[in-house]
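1. Here is my input; please provide its structure:
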Amino acid sequence: MCQCHNPINCIIPPHMLEVMLLRGDKSVRKMAEGLIKIGDSVREERAASAGSGVVPSAGGGGTFVSMAMAQGAATGHTCYREVYDGEEKASLPGTLARKEGDPATGDAEVDAAYDGAGAVFDLYSEEFGRNSIDGFGMKMLQTVHHRRNYNNAFWNGAQMVYGDGDGQIFQTFTELSVVAHEISHGVVQHSGGLIYQGQSGALNESYADVFGAMTQQRAQGQDVYEADWLVGKGILGPNINGIALRSMKAPGMAYSDALLGKDPQPYHMDFYVNTTSDNGGVHINSGIPNHAFYLYCMYMGGKSWEKPGQIWYKALQQINNPHATFGDWAAQTLDAAIDLYGAGSYEMLMLRRAWNLVGIDA
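-> Residues are numbered from 1 along each chain as shown. Now for the predicted structure:
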């Protein structure tokens, strides 16, 4: 089955699991094999439910939630969040732990997911005029404590799901850039989509990284020079040699570890990775458009969600090409910059320079 048509968008990339299968001890190999099998199971369930009017439970053997139930009925831009406790089980969504307006529970993962979704909602609503994930007030459904020691987080087409990590290789998955990354996969899905294969898949991943970093920066009140430009900072275990899953500032430098290997992301088209793994390297080659966005922000200064973010969001809404290449995306961002700021504007010229610096003619 082609994974690109019914993907689950996981934060831990397949290339990490492949390295662990080669380098890990028996328990690590078993864990990596388990993650791969779970991913395949969820993907198959999502494929089976496609076009049926229901969304997958994303746990294998769980209940199904109708599309109507998965969307909020609120008018205007009203945030509605539900966070479920998976109780270390596979079925989704689990037991409702906190809904919109409820006080903090004291469960750090429940409250982090709740607060994180709120920060993402606020970014899209207040800065881009978008009403939740689908633009029409969709409920933001999340499950924490998914499975026991589960080393991943994902968007399954209907909700966000977070494991607790095993405490050794990976820790909490409710870090804000991860929450925003997964929710932003939903935004891509409801904005025409980018097929999860090759360059369009890498653009899908890059958009999620860009808006994950953007959400983190906005929540911390940082300008582009103050930000660390890391995605997944703090989720690596205590004995892992690394600072994050990915670095937009320096792709390829986020980690270098005996168990996980070295961060394989390129920063320039000269180092583009041709591979059949990971749907054509969607988590790897996303480093190139990630770095272009970072470079553009360095030229522009200020806040990433201001001019750069406006261009990226507008490009997603207008590209209308699920098979877009990096060149297609660069051209669409230039069109967006012209629409917003004018032909020959500083904003447009610096954007072209940023794309050229990563080896993409624009």
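
2. any idea whether the residue positioned nearest the centre of the chain is helix, strand or coil?
-> With distances taken as C-alpha atoms, centre = their mean, the residue of the chain nearest its centroid is residue 181 (2.7 Å). Under DSSP: H, G, I helix; E, B strand; the rest coil, residue 181 falls in the helix class.

3. Can you tell me, leaving aside adjacent residues, what's nearest to it?
-> Leaving aside its chain neighbours, residue 181 sits nearest to residue 212 (3.6 Å; criterion: C-beta to C-beta, 6 or more residues apart in numbering). Every residue, glycine included, has its C-beta placed from N, CA and C.

4. swap in residue 245?
-> residue 232 is the one closest to residue 245 (C-beta to C-beta, 6+ apart), at 3.2 Å.

5. do residue 268 as well
-> For residue 268, ignoring the flanking residues on the chain, the nearest one in space by C-beta to C-beta, 6+ apart is residue 359 at 4.7 Å.

6. that older thread, which residues sit in contact with the residue nearest to the centre of the chain?
-> 11, 208-209, 211-212, 231-232 (C-beta atoms under 8 Å, 6 or more residues apart in numbering).

7. and the residue nearest to residue 181, what does it touch?
-> Contacts of residue 212 by C-beta under 8 Å, 6+ apart are 176-181, 184, 231.

8. ditto for residue 349
-> By C-beta under 8 Å, 6+ apart, the contact list for residue 349 is empty.

9. Dihedrals phi and psi, it?
-> phi -70, psi -40 (degrees, to the nearest 10).

10. same check, this time on residue 344
-> Backbone torsions of residue 344, given as degrees, to the nearest 10, read phi 80, psi 0.

11. Give the burial count for it, as a bare number.
-> For residue 344, the neighbour count with other C-beta atoms under 10 Å is 9.

12. and if you look at the one 10 residues further on?
-> The tally of other residues near residue 354 (other C-beta under 10 Å) stands at 24.

13. Find me the pLDDT at residue 55, would you?
-> Reading off the confidence values, residue 55 has pLDDT 40.

14. For the stretch 201-350 of the chain, which segments count as helices?
-> Secondary structure of the stretch 201-350 of the chain (DSSP state H, counting those that start in this stretch): helices at 278-281, 287-300, 307-318, 326-341, 346-357.

15. State the distance from residue 352 to residue 318.
-> Separation of residue 352 from residue 318 (C-beta to C-beta, to the nearest Å) stands at 18 Å.

16. Please apply the same query to residue 237.
-> Applying C-beta to C-beta, the value for residue 237 to residue 318 is 41 Å.

17. To what extent is the residue lying closest to residue 17 once chain neighbours are set aside buried, counted in neighbours?
-> By the measure of C-beta to C-beta, 6+ apart, the closest residue to residue 17 outside its immediate chain neighbours is residue 32, 4.5 Å from it. Here the count is done by other C-beta under 10 Å, and residue 32 has 23 residues near it.

18. quick one: which helix or strand includes residue 32?
-> helix 26-49 (DSSP states H and E).

19. for that helix, packing partners?
-> helix 14-23 (3 or more C-beta pairs under 8 Å, 6 or more residues apart in numbering; DSSP states H and E).

20. Thanks a lot, see you next time.
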